[in-house]
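Engineer: Here is a sequence together with a model predicted from it:
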Amino acid sequence: MQIVFFFALFLVVVPKVLGQAPKKIIVEHSDFADVNQVEIPDAFLLTGNVRVNHDGVVLTCNKAYYFQKENYIKAFGNVQLVQGDTLFLNSKYAEYSGNVKKAFATGDAVMSSPEATLVTDTINFDRNTQEVFYKTKGTITNLQNTLVSKSGKYFVPQKKFQFLTEVTITNPTYVIKSNHLDYYSNSGHSYLLGPSTITSKANYIYTEKGFYDTKKNKAHFLNKSYIKYDDRIIRGDSLYYDRNKEFATASRNVKITDSINRGIIKGHYAEMYKKKDSLFVTKRAVAINFVENDSVYIHGKKLMVTGKEGNRIIRAFNNVRFFKKDMSGKCDSIHSSSKIALTKLIGKPILWNGQSQITGDIMHLIGNNTTQKLDSLKVLNNTFLVSKDTLGTGYNQIKGHNLLGKLIEGKLHDVDIIKNTEVIYYMRNDAKELIGINKNKSSKINILFNKNEVDEITFFKQVDGDLFPEKDLPENDRKLKGFIWREEERILSKDDIFPPEENQDNEKIAKQAKAQKDKKNVPMKVRKETLDYDK
């Protein structure tokens, strides 16, 4: 028997809600209907292909108890609640109140939308706010990802899932874990709003505030974020990441750590191409390498690192400055190869080692890959070595074509200056009394240093020269052609490697970083591309 209920016959007085009486639940179909005041007082028992409608929501099930006075229904067996084409709620059992427009579903509960499906034990749906929430373990699936959480909420109009407890997003390429995440099922956009990790074969990412597009694999991370590769960690106040290209950029307070080569690169802007093994850093860029239990600081307007471990090249461009204990220098550019342990100082290089100032057209610092120490120094063309006479006002000067020097513990120890050499040297006895000024020319000179001072000079194939009493050598003859003493340019600390304009920019960036840090608790703004995704 088929009974169709038209509830005009069962009108009751219902309290008004927000100034308007709630609409009544309408039973559109049921194979059978009955009343049992003993077992189910004040309820209609509906069985067989039950279909009810309330203000645009359709509920179907095998069996239902309809409480007309309360405007309330309990549904059993193959329950489905449908809201237009935006939401489908299936379960073994459900309850729905027409007065407050809230639904409760349990028993293999499944919520489906065009973009995603949620499977959990119990689901609540508030039609007033268009929010779905659950407090039992749930699994959400869509085309790209699977999300598992202990609890969550779904905002129907925004197509947004919100998780305030542990949630895991599993993608074929990576896994995201967070304790606070907003996920937009239509766009695949994820907003990470607390300590979160993204793990893949390519890298490991940590952030405390970030955005991740799971469809395009593009991301933006803030707040204590970093990307960890096999041998490098890149940090910055702001990180952009493209997984498809394995490309990342970092801005403000950038720090890149090389765990294998014991090196650090800092700056305020960086680009990293993982597939090409290349790195570019600018804005107060500095490379810090650990050599001989000491740190070498290299600054240039631009720093580039290319090549895999064992064949890595560091390049620095434009106004390059470097500092190491007992050694510092300047040049136009630097090219350093880890494979052959060779660092080239190119373009007007000047080097200070101990008390010596060394110039030439090109300089090579040569290391030893076995001992991981600087081994020797080469200066090619127009070599000029100057040191100040320690007890007087004069300058010891050695000039020649090329210089070959042996370094011990980072200090010059044994030096050969070859071809067309010239010397002006202040000779003193053991009592440090001036004997005279040695001025001569030869084909080659060998110098032995002791405690950063000239200890012994040997001349080979001396062509011309003599030892002059100080009073017999005029001032204008005490300097070789091309002599320039550049003491005021000497780099005395790691802070001296930065020019004044970059220090000023650094202060501005520090203020910006502090302002950003003060906003760390401000929620991440939802992007326009997220809000307009379906428009």
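Structural biologist: Nice, I can see it. Numbering: from 1, shown residues only.

Engineer: Tell me, what's the model's pLDDT at Asp361?
Structural biologist: As predicted, Asp361 sits at a pLDDT of 94.

Engineer: Chain neighbours aside, what residue packs nearest to Lys344?
Structural biologist: Of all residues beyond its chain neighbours, the one nearest Lys344 is His335 (4.5 Å), with distances taken as C-beta to C-beta, 6 or more residues apart in numbering. Heads up, the C-betas are built off the backbone N, CA and C, glycines and all.

Engineer: can you give me the offset of the strand or helix carrying that neighbour from its chain's centre?
Structural biologist: For His335, the element it lies in under DSSP states H and E is strand 327-337. The gap between where strand 327-337 is centred and where its chain is centred comes out at 27 Å by C-alpha atoms, centre = their mean, to the nearest Å.

Engineer: Likewise for stretch 418-432?
Structural biologist: 54 Å.

Engineer: Could you check how many residues crowd around Gly465?
Structural biologist: Other residues near Gly465 come to 15 when the count uses other C-beta atoms under 10 Å.

Engineer: and Arg232, what are its bridge partners?
Structural biologist: Here Arg232 sits in beta bridges with Asp258, going by DSSP bridges.

Engineer: contacting residues for it?
Structural biologist: Contacts for Arg232 (C-beta atoms under 8 Å, 6 or more residues apart in numbering) come out as Ile256, Thr257, Asp258, Ser259, Met272.

Engineer: Relative to Glu39, how far out is it?
Structural biologist: For Arg232, the distance to Glu39 equals 71 Å [C-beta to C-beta, to the nearest Å].

Engineer: Helices along the stretch 401-535 of the chain, start to end?
Structural biologist: Read by DSSP state H, counting those that start in this stretch, the stretch 401-535 of the chain holds these helices, from start to end of the chain: 500-518, 528-531.

Engineer: if we look at the longest one, which residues are touching it?
Structural biologist: Under the contact criterion C-beta under 8 Å, 6+ apart, helix 500-518 has outside partners Leu222, Asp237, Arg252, Asn253, His268, Lys283, Arg284, Phe498.

Engineer: Buried residues, stretch 43-62. List them.
Structural biologist: Buried positions in stretch 43-62, judged by neighbour count with 16 or more other C-beta atoms under 10 Å: 43-47, 50-54, 57, 59-62.

Engineer: I misspoke; the intended subject was stretch 514-532.
Structural biologist: Neighbour counts using 16+ other C-beta under 10 Å place Gln516, Arg527, Thr530 of stretch 514-532 among the buried residues.

Engineer: how about the nearest residue to Lys439, chain neighbours excluded?
Structural biologist: For Lys439, ignoring the flanking residues on the chain, the nearest one in space by C-beta to C-beta, 6+ apart is Ile424 at 5.1 Å.

Engineer: Output the lowest mean pLDDT helix or strand found in the protein.
Structural biologist: The helix or strand of the chain with the poorest confidence is helix 500-518; it has a mean of 77 (mean pLDDT, DSSP states H and E).

Engineer: chain center to that one, what's the gap?
Structural biologist: Between the mean C-alpha point of helix 500-518 and the mean C-alpha point of its chain there is a distance of 18 Å (C-alpha atoms, centre = their mean).

Engineer: Pass me the low-pLDDT residue ranges in the stretch 251-400 of the chain, would you?
Structural biologist: Residue ranges of the stretch 251-400 of the chain with pLDDT under 70: 261, 291-292.

Engineer: just so I have it, where are all the strands in the stretch 251-400 of the chain?
Structural biologist: Secondary structure of the stretch 251-400 of the chain, counting by DSSP state E, counting those that start in this stretch: strands at 263-273, 278-282, 286-291, 294-299, 302-306, 313-324, 327-337, 342-346, 350-353, 356-359, 362-368, 373-388, 395-408.
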